[in-house]
Each structure stands twice: as C-alpha cells, then as structure tokens.
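>>> fold the stuff below for me.
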Amino acid sequence: MVSHGKDNFLSRQNITQDLCLPVTYSKTKDCIINKEYQAVLKRHQLDTFNSVFMFKGGETAKTLKERSVIRFEVEDIDATKTFYLKRHNLSFIGPKRLVSLFFPNTAVSEGIKEFKNICNFRKKNLATVVPVAAGEKFVNFFWVESFLLTEDFSPFIPLEDFVKEQPEFFKGRKQKLLKEIAVFARRMHAQGFNHRDFNTTHILVKYSSADQSPELAVFDLQRVNKNRLFKFRWMIKSLARVNYSLPDHLFTVKDIIYLFMSYKGKKEINFLDRCQWFWINRKTEKIKKHTEKK
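Model (predicted):
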C-alpha cells in the first residue's frame, strides 16, 4: 500500500526504509504492536483495537464488501507519519476458532494473519511493508473483525503504476527488471512462501538511479500459502500472474521466456521446461478469461 503522486518516480522521498529488518512486537488483549511504533501510537491514542478500527478520517484507497483501506497522516515529534489502515469487516471463521483453542499461536483473523506473514517474510530477508499494528475482536465465538496498520512505502511504488505511467523508461531495462522479479519469486518460494497474488499490482519497485537494477518488495500478504504439498505449482501460478499483468505492448513473449528461464536459472530449455512453459501459458489464459468474466 503506497501513496501515489504525479512526480517523477526516480525523485520520490529520499528516505528509504530497510524493508527486511526483523520486527519485534508486543501483545495486548486484542492487538499486536511493532515496538518501534508503540510510542507514536500511544501519543495519538491509537494503541487499542477500538481506537484504530473506529478511526475517523483519512483518504479512501480501496473499498470492497469484505474489507476497506484508508490512508491517513499523523503529525509526530520529528516528522509526519503516513499509515495505511486495512479494515476487515465481520467474517465467519468457523472451525479455525476451535483449532486456535488447542494451538494458541494460530492466526484466525485476516489482520493478525497478515501481520505475522509480514514478520515471517522479514525473518527470511524478503522485503515487504513495515507492519505497525494489527488487532482482532471476536463479536461472538465464530465471528471476528480485524485490522492491519502499515506504514507508507515511499519511495517504492507498484510496478503496475510505473509501467503504465512511464513505459518508455523500460526500453533497454526490461531484462534487469524481469531477472529481479524471477529471483525474488524463486527466493520467496525457496523460503516456503507462495504469495498467491504475485503480480504487478503487488510487486513494488524502487530505482535509485536510472541505470541501476531495481530494488523489489511485495505487499498484500494476507493470502500467503505455506503448504509445500503443491509447491510444484507455485512457479506456474506466480509466473502466469506476472505474465498476465505485464502489458503485451511492452513485454513480448521473448521477454516472458527470459523471465521463466531466469527463475529456472538456465540458458537452455529441456523437455520438462517446455511442459512448464506450456502450463504457464494455459494458466495465463485462464486468468485472462476469469478476469474478463468479472
């Protein structure tokens, strides 16, 4: 979740957060809070579930039936802090609540689950958002509402926006970008994480200068899958989502093959690779048809 502006992408906010640092947090009755942000949240009376979930104001970034996202700022002692608040509306959790009685560390709400996924990504040196706080409130035994609070991601921006607004920037730079995407996906899968929505909307980039390779990060980790039983499908689905979300007029079939080969770490294609490439293309078409129906 990042702020969007009309300024040049290479001249955004000078300060870059270290997006791989491990997170230490404390727990209260209904919240977990990043210790780095405890003081600022307390100063602004945003350190309880109700105070955050019922926060008024801010700018709407997304509204869906099951959740909403707002962006808001607070004036702190040394600087303005910009946060994104993702609220998950009341939802039925069913058997997961029963499981949590026997395994207390099981995350049952979407807000807590995503906060912990973010922390786990950082433990494995995978760049992602800065988690500020998360909370959950059980309305009755099987129903819960929750939130996730993160800090603004500038100067990182969604790849989708970058490609859309400055397509000419990528002339002669596509291979560096595609290789970084492939390497990030391979590292993520090797560490046991499947993003499940790995596309240009959720891949974030930052170029320190026009001729350097980009730094990458990901966000929106609420659906991360850790089930290794079907790990052989992770590459297929991830690369298909990237393939579908990259614009055809800028990224050719040759470019996507380069993405695939970079993920595999190969220069030549064997029979198995050809089968996987065929599968990626089929999955891409399925995503396209599904999206068009929506």
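
>>> and the helices in the stretch 101-250 of the chain, which stretches?
Under the criterion DSSP state H, counting those that start in this stretch, helices of the stretch 101-250 of the chain are mapped to 110-123, 159-165, 174-190, 234-245.

>>> what's the angle from the last one to helix 174-190?
It refers to helix 234-245. If you take axes from the mean of the first three to the mean of the last three Cα atoms, to 10 degrees, helix 234-245 sits at 140 degrees to helix 174-190.

>>> remind me which residues of this structure are low pLDDT?
Within the chain, the stretches with pLDDT under 70 are 1-17, 210-211.

>>> got the residue ranges for the strands in it?
25-27, 31-34, 59-63, 67-75, 80-92, 131-140, 143-151, 157-158, 203-206, 215-218 (DSSP state E).

>>> pretty sure Trp207 sits against Pro214.
To be clear, residue 207 is Tyr; Trp isn't right here. Yes - taking contacts as Cβ atoms under 8 Å, Tyr207 lies within contact range of Pro214: 5.3 Å. In short, each C-beta sits where N, CA and C put it, glycine included.

>>> now Lys116: how far from Ser238?
Distance of Lys116 to Ser238, computed by Cβ to Cβ, to the nearest Å: 21 Å.

>>> before we move on, what about Phe251?
Counting by Cβ to Cβ, the gap from Phe251 to Ser238 is 16 Å.

>>> same thing with Lys206?
For Lys206, the distance to Ser238 - Cβ to Cβ - is 21 Å.

>>> same check, this time on His88
Taken as Cβ to Cβ, the span from His88 to Ser238 is 25 Å.

>>> show me which of these two is the more surrounded one.
Using other Cβ atoms under 10 Å, the more surrounded residue of His88 and Ser238 is Ser238, with 26 against 23.

>>> excluding chain neighbours, give the residue nearest to the more buried one in space.
Closest residue in space to Ser238, ignoring its immediate chain neighbours: Phe198 at 4.3 Å, by Cβ to Cβ, 6 or more residues apart in numbering.

>>> near the one you found, how many other residues are there?
The burial count for Phe198: 24, using other Cβ under 10 Å.

>>> list the contacts of it.
Phe198 makes contacts with 185, 188, 218, 237-238, 241-242, as judged by Cβ atoms under 8 Å, 6 or more residues apart in numbering.

>>> between the residues you listed, which is nearest Pro131?
Comparing the contacts of Phe198 against Pro131 with Cβ to Cβ places Val218 closest, at 13.4 Å.

>>> next, the contact list for that closest one, please.
Val218 makes contacts with 121, 126-128, 184, 188, 195, 198, 202-204, as judged by Cβ under 8 Å, 6+ apart.

>>> swap in 6 Å and give it another go.
By Cβ atoms under 6 Å, 6 or more residues apart in numbering, the residues touching Val218 are 128, 202-203.

>>> ok, the closest residue to Arg43 other than its chain neighbours to Lys286 distance?
Ranked by Cβ to Cβ, 6+ apart and with sequence neighbours excluded, the top spatial neighbour of Arg43 is Asp76, at 7.1 Å. Distance of Asp76 to Lys286, given as Cβ to Cβ: 47 Å.

>>> swap in Ala133?
In terms of Cβ to Cβ, Ala133 sits 37 Å off from Lys286.

>>> one more: Leu149?
To Lys286, Leu149 is 35 Å away according to Cβ to Cβ.

>>> neighbour-wise, which of those two wins?
Leu149 (27 against 12).

>>> partner residues bridging the more buried one?
Following DSSP bridges, Leu149 is listed with bridge partners Leu85, Ala133.

>>> farthest-apart pair in the contacts of Phe198, please.
Val218 and Lys237 (14.6 Å).

>>> next up, the contacts around Leu148.
The contact partners of Leu148, taken as Cβ under 6 Å, 6+ apart, are 86, 111, 114-115, 134.

>>> for those residues, which one is nearest Glu292?
The closest of these, once distances to Glu292 are taken by Cβ to Cβ, is Lys86, at 27.2 Å.

>>> quick one: the closest one and Ser68 touch, right?
No - under the criterion of Cβ atoms under 6 Å, Lys86 makes no contact with Ser68, lying 7.5 Å away.

>>> look at these two and report which has more neighbours.
When Lys86 is set against Ser68 and neighbours are counted by other Cβ under 10 Å, the residue ahead is Lys86, at 22 against 16.

>>> once you drop chain neighbours, what's closest to Lys116?
Spatially, and ignoring its direct neighbours in sequence, Lys116 is nearest to Ala107 (5.3 Å; Cβ to Cβ, 6+ apart).
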